[in-house]
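A.B. asks: Output the structure for:
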Amino acid sequence: MDMDEKIIKASKIVDKMYDNDPMSQWLGIRRLQDGPGFSVLSMTVRKEMLNGFSIAHGGIAYCLADSALAFASNGHGTQSVSIETSISHVAPVKEGDVLTTEVEEKNLSNRTGLYYITVKNQDDKVVAYFKGTVYRTGKEWEI
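C.D. replies: Coordinates of the predicted model:
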């Protein structure tokens, strides 16, 4: 299978995942790129996503990065679930900010995958670093 075919397959898998993902839909996530081992997502921070400090609740960037992890890791065609994740928030996120993910697949084996996800705002400023490890179940996606 050439790379174009792999990207088409990954996009169909992510279509199936996104269609059954109320959280990503509630966040207003827009899929900019799908592929095996990568995912570029974008979303705009809304007022109901803010905490008592009038900045985005930490779970918002986390959820965006977690969705990027899921879409990137499952894009290879094997059903994958997270087994360990962490995030470092390095800058505040405000209402109206547009957040975008960049996924770097660091390691992929038959059973696990390791991903680093950077979350940036509309000014290309990093607001969070996310690290995720997935377990690859061995079950292939049916599309």
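A.B. asks: Pull up the distance across stretch 25-42, start to finish.
C.D. replies: 12 Å (Cα to Cα, to the nearest Å).
A.B. asks: please renumber so the chain begins at 578
C.D. replies: With 578 as the first residue, the last one maps to stretch 602-619.
A.B. asks: From Ser588, how far off is Leu609?
C.D. replies: 12 Å (Cβ to Cβ, to the nearest Å). In this view, the C-beta of every residue, glycine as well, is placed from N, C-alpha and C.
A.B. asks: Neighbour count: these two, which is higher?
C.D. replies: Set Leu609 next to Ser588 and count neighbours by other Cβ atoms under 10 Å: Ser588 wins out with 17 against 11.
A.B. asks: so that one, which of the three states?
C.D. replies: Secondary structure, DSSP: H, G, I helix; E, B strand; the rest coil: Ser588 is helix.
A.B. asks: Relative to Phe615, how far out is it?
C.D. replies: With Cβ to Cβ as the criterion, Ser588 and Phe615 are 11 Å apart.
A.B. asks: go on, Lys593?
C.D. replies: 18 Å.
A.B. asks: Counting neighbours, go ahead and name the busier of these two.
C.D. replies: Phe615 (20 against 14).
A.B. asks: which is the next helix or strand following the host helix or strand of Leu646?
C.D. replies: For Leu646, the host element (DSSP states H and E) is helix 635-651. Counting by DSSP H and E, the next helix or strand C-terminal to helix 635-651 is strand 655-666.
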